[in-house]
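S.K.: fold the following, please.
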Amino acid sequence: MTLLRFDLLRILVLGALWALPLAAAEPSSPRKGLVATVNPVATEAGLQAFRDGGNAVDAAIACALTLGIVDGHNSGLGGGCFMTLRLADGRLITLDGREMAPAAATRDLFLRGGKADPRLSQDGALSVGIPGEFATLAHASTHHGRLPLGRLLEAAARVAETGFRVDRHYVGRLAETRPGLALFPDSEAIFLKGLPATPSAGDLLRQSDLARSYRQMATNGVAWFYRGDFARRTAEWMRAHGGLVTEADFARYEVVPREPVRGTYRGHEIVSFPPPSSGGVHVLEILNILEHFDLVAMGDGSPEFAHVVAEAMKLAFADRARWLGDPDFARVPKGLVSKEYAAGLARRIRTDRASVVASAGTPPGADREWFTRERNRHTTHFSTADTEGNWVACTASLNTSFGSKVVVPGTGILLNNHMDDFSAQPGVPNFFGLVGAEANAIEARKRPLSSMSPTLVLRDGRPILSVGAAGGPTIISQTLLAILRTIDFRKPPREALAAPRLHHQWKPDELHVERAWGQEVIDGLKRRGHTVAAEASIGSAQAVGRDARGQWSAAADPRGEGSAGVW
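M.R.: Okay, here's the model as predicted:
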């Protein structure tokens, strides 16, 4: 199975931004707010939004727009996002900007000769879902921001126009996806011919078409994207290349405000994203299971701790495969996050031996109580907070590197391949090795299941942590581990993110661990019966936090080239 892999690197410094070796802003009392992203240019954009009088929502939007340029292999306006907000007045809001299947999509869309063909769901016209990121950013700006959206778009357009220096991760993803990008003329012109034949970190990439598109959105807003020129151009390209997406699909798209999934862990409130994300549900499910174990006594970094956490992950991911899907189409049991259900699962964990999880459990109320719609890298995560009390956790994605590989002609906008997140066929794994069932089968206008987990942690009603991650299904395990290390082991964000990670997703029955755990822990896990795969690194997370003394800090994952800043 492919997992995102990152190496340790010291972080660049930009303008008003400063960083420690672990990419963390020193604990301090910020004048306005904090930002953590995977790219220094995007972090600086968020900080500039604060300097211009914006709040944490404006800073998050500035980060998202800029990441769609400088980290465009992971996210962009041709993709989707989930945004979790805690506003200064105490309201908790989750905005669902997940991609949506076209109206013409059917459950056998990717079957050929009765078998799923992954090429169809991962590259090209059929892999594209209706993008939701721009609709979400515009909604957040209108209802919760302070700066004009056009101003933030213009600032990002200047970055696309003047260009940015690609980093080594960008170069690596480009090398992996070069054959797919070469199939589409506009993609080839921008990403392959726009850089030297053998690109290196530090090469300049300009995106003039994307800059023009940003300026069109600055002038004409969401209408240009969802009911105007962009929708028309996309539909024309789809008709010419066997795709299903139409102008009517774009016009029908809407941001869905959902009720956050909420729970508690050792006296703290956890607020995360509900279905169609599996992330929030399973972060809470795993925390509920682990509440029955004395993790502090085991010790962070011990084989006992790693084993118990892995066993809890395994149980939750079995439930993910059985129960999770778009709640507008599938009955997702609320009992998955109940303390009662978790207590039963915890009793199944042996501390001396890895268990065999044959199938998902049956949570209480599975026949009557469901998550429902509420009306009132392969990825990237970024977190912001301000001194007024606004906190944002946002995860955005195109799915796999460079998404569908398709750039809509003349727009510079790269489209997602999130249709691969559906279950093309029950029991058949997707790109990330995840299997699904009927709950996540392809249906017209349905939103595919996601692992994105933008999460907030509160103590006594006040936020203390905004966290999330990138890396397919490892997003859930990364977010979970950051929360455990914050609450159980009282580590600040930079230490919580730097600590070694592990990941188990039930199928395949393999425990991925970072080598930083050390050979003693790896051997201890093997003795307990785990099949262990040692990795250089797993994923990329970002966080901002505030400790019990009122000290603020922000951290970008030391495995990448991101940055965290305070202004």
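
S.K.: what about Arg158, neighbour count?
M.R.: Burial of Arg158 is recorded as 12 neighbouring residues (other C-beta atoms under 10 Å). Quick note: C-beta positions are derived from backbone N, CA and C, even for glycine.

S.K.: again, but for Gly344
M.R.: When neighbours are defined as other C-beta under 10 Å, Gly344 has 15 of them.

S.K.: once you drop chain neighbours, what's closest to it?
M.R.: For Gly344, ignoring the flanking residues on the chain, the nearest one in space by C-beta to C-beta, 6 or more residues apart in numbering is Gly361 at 7.4 Å.

S.K.: residues in contact with that neighbour?
M.R.: Contacts here follow C-beta atoms under 8 Å, 6 or more residues apart in numbering; on that basis Gly361 touches 315, 318-319, 341, 344-345.

S.K.: may I see the ChimeraX selection of the buried members of those residues?
M.R.: Only the buried members of the contacts of Gly361 end up in this ChimeraX selection, burial being decided by 16 or more other C-beta atoms under 10 Å:
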select :315,318,319,341,345
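
S.K.: now Ile483. Its backbone dihedrals?
M.R.: Main-chain dihedrals, Ile483, degrees, to the nearest 10: phi -70, psi -40.

S.K.: hang on, it packs against Glu269?
M.R.: No. The pair Ile483 and Glu269 fails to qualify as a contact (C-beta atoms under 8 Å) at a distance of 11.4 Å.

S.K.: the more surrounded of those two?
M.R.: Per other C-beta under 10 Å, whichever of Ile483 and Glu269 has more neighbours is Ile483, with 26 against 18.

S.K.: find the nearest non-adjacent residue to that one, please.
M.R.: Counting by C-beta to C-beta, 6+ apart, the nearest residue to Ile483 once its immediate chain neighbours are dropped is Val457, at 6.1 Å.

S.K.: state the mean pLDDT of the helix or strand where that neighbour lies.
M.R.: Here Val457 sits within strand 455-459, counting by DSSP states H and E. Over the span of strand 455-459, the pLDDT mean works out to 98.

S.K.: then stretch 136-148?
M.R.: When pLDDT is averaged along stretch 136-148, the result is 98.

S.K.: can I get that stretch as CSV, trimmed to CA atoms?
M.R.: Below are the C-alpha coordinates for stretch 136-148, written out as CSV (Å, rounded to 0.1, in the frame of the first residue of the first chain):
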residue,chain,number,x,y,z
THR,A,136,-16.9,26.4,0.8
LEU,A,137,-14.3,29.2,0.9
ALA,A,138,-16.8,31.7,-0.5
HIS,A,139,-19.5,30.6,2.1
ALA,A,140,-17.0,30.9,5.0
SER,A,141,-15.9,34.4,3.7
THR,A,142,-19.5,35.7,3.4
HIS,A,143,-20.7,34.4,6.7
HIS,A,144,-17.7,34.4,9.0
GLY,A,145,-14.8,36.4,7.5
ARG,A,146,-14.0,40.0,7.6
LEU,A,147,-11.9,40.7,4.4
PRO,A,148,-13.4,40.8,0.9
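
S.K.: so what secondary structure elements neighbour the helix or strand that the strand holding Val457 is followed by?
M.R.: Following the chain from strand 455-459 toward its C-terminal end, the next helix or strand by DSSP H and E is strand 462-470. The contact analysis (3 or more C-beta pairs under 8 Å, 6 or more residues apart in numbering; DSSP states H and E) places strand 462-470 against strand 380-386, strand 391-397, strand 455-459, helix 474-487, strand 540-546.

S.K.: domains of the protein?
M.R.: For the chain, the structural domains run 36-257+399-440, 259-375+453-566, going by automatic domain parsing.
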